[in-house]
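Chemist: Okay, here's the prediction I keep looking at, along with the sequence it came from:
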Amino acid sequence: MKSIDEINDTDIDALYRRIGVNVKKYRELNSMTQLQLSLAMNLKSPGLISQGELYINKQHFNIKHLYQLAHILECDITDFFQEN
């Protein structure tokens, strides 16, 4: 059995960055701006999208966000976890 001790903060940071890159990729494939995507998620500003895509100040998407993003961007939620 594997131990959680094998996972470090660098691994988690890399995962959040990968998710952000993939959200941006699918957003651009759908020809959407950050503002358009944020409005589709009923957000008042594109701050969450911008920070999540770039992983600014360790801001990231939660599972609810990813579920909504996958629905809006017409992709599978697992697509956000794929390595490019």
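Modeler: Arrived safely.

Chemist: Point out where the protein drops to low pLDDT.
Modeler: Along the chain, the model assigns pLDDT under 70 to no residue.

Chemist: buried set for the helix ranked longest in it?
Modeler: Using DSSP state H, we find that the single longest helix of the chain is helix 9-29. Using 16 or more other Cβ atoms under 10 Å as the test for burial, helix 9-29 gives 18-27. The C-beta positions use only the backbone N, C-alpha and C, and glycine is treated the same way.

Chemist: Using PDB, list the CA coordinates for it.
Modeler: Provided in PDB are the C-alpha atoms of helix 9-29 (Å, rounded to 0.1, in the frame of the first residue of the first chain):
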ATOM      1  CA  ASP A   9       3.300  20.100  -2.000                       C
ATOM      2  CA  THR A  10       5.300  20.400  -5.300                       C
ATOM      3  CA  ASP A  11       3.200  17.500  -6.700                       C
ATOM      4  CA  ILE A  12       0.000  19.200  -5.700                       C
ATOM      5  CA  ASP A  13       1.100  22.500  -7.100                       C
ATOM      6  CA  ALA A  14       1.900  20.800 -10.400                       C
ATOM      7  CA  LEU A  15      -1.500  19.200 -10.500                       C
ATOM      8  CA  TYR A  16      -3.300  22.500 -10.000                       C
ATOM      9  CA  ARG A  17      -1.100  24.100 -12.700                       C
ATOM     10  CA  ARG A  18      -2.000  21.300 -15.100                       C
ATOM     11  CA  ILE A  19      -5.700  21.700 -14.400                       C
ATOM     12  CA  GLY A  20      -5.400  25.500 -15.000                       C
ATOM     13  CA  VAL A  21      -3.600  25.000 -18.300                       C
ATOM     14  CA  ASN A  22      -6.200  22.500 -19.500                       C
ATOM     15  CA  VAL A  23      -9.100  24.700 -18.500                       C
ATOM     16  CA  LYS A  24      -7.600  27.500 -20.500                       C
ATOM     17  CA  LYS A  25      -7.100  25.100 -23.500                       C
ATOM     18  CA  TYR A  26     -10.700  24.000 -23.500                       C
ATOM     19  CA  ARG A  27     -11.900  27.600 -23.000                       C
ATOM     20  CA  GLU A  28      -9.900  28.700 -26.000                       C
ATOM     21  CA  LEU A  29     -11.100  25.700 -28.000                       C
END
